[in-house]
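[1] predicted model and sequence below, questions to follow.
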Amino acid sequence: MPTDLSYIAASPLAGCLTDLQADRQASAATALLRCPADFPGFAGHFPDQPVLPAVLQLLAVRLLAESLLETRLTPVGADRLKFKGMVGPDETVNLRVSLREQAGLLKVEFSLDKAGTPIASGTLVFRPIGEER
């Protein structure tokens, strides 16, 4: 089922995330991440070989999780983050997330790959905004 794009529309990645699909019963979602060469996130990172910064890859994970849950999230931690490859301009990356709740927090396991080649993976930990403790 397509997800609600309103959680992505105001983001700098709005034009880069497409083909969002959500399975709310399985607490999982997928999307494609593809940023054009003129995307501001590539500026200065790096001049001779533009690379999408890891922080923007993690933002894509958060946005996909927010779309699946239809709520805003605030990050509170990360675990086992691995960055194994680079994302350049106009490269299509598959993004997958699966969510589970544990001790009042939301754990989002994610993976990014290009045609089956791993780019990044790990677990991000969030709390829904408005539920600060």
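    Okay, I see it. Numbers count the residues shown, from 1 in each chain.

[2] now the helix ranked longest in the chain: buried residues?
    As assigned by DSSP state H, the longest helix anywhere in the chain is helix 54-69. Residues of helix 54-69 classed as buried by neighbour count (16 or more other Cβ atoms under 10 Å): 56-69. Glycine gets a C-beta too; all of them are placed from N, C-alpha and C.

[3] how near is residue 40 to residue 94?
    23 Å (Cβ to Cβ, to the nearest Å).

[4] same check on residue 18?
    Distance of residue 18 to residue 94, computed by Cβ to Cβ: 11 Å.

[5] these two: which is more packed in?
    More crowded of residue 18 and residue 94, by other Cβ atoms under 10 Å: residue 94, with 16 against 12.

[6] what about the more buried one, which helix or strand?
    Using DSSP states H and E, residue 94 falls within strand 93-102.

[7] helices or strands up against the first helix or strand past that strand going along the chain?
    With elements assigned by DSSP H and E, the helix or strand that comes after strand 93-102 is strand 105-114. When contacts are defined as 3 or more Cβ pairs under 8 Å, 6 or more residues apart in numbering; DSSP states H and E, strand 105-114 sits against helix 54-69, strand 73-83, strand 93-102, strand 117-128.

[8] out of these, nearest to residue 10?
    Relative to residue 10, the nearest member of the helices and strands packed on strand 105-114 by Cβ to Cβ is helix 54-69, separated by 9.8 Å.

[9] what is the distance between the closest one and the centre of its chain?
    Centroid separation for helix 54-69 versus its chain: 3 Å, with Cα atoms, centre = their mean, to the nearest Å.

[10] if we can go back for a sec, find the residues that touch each one of residue 18 and residue 94.
    residue 32 (Cβ atoms under 8 Å, 6 or more residues apart in numbering).
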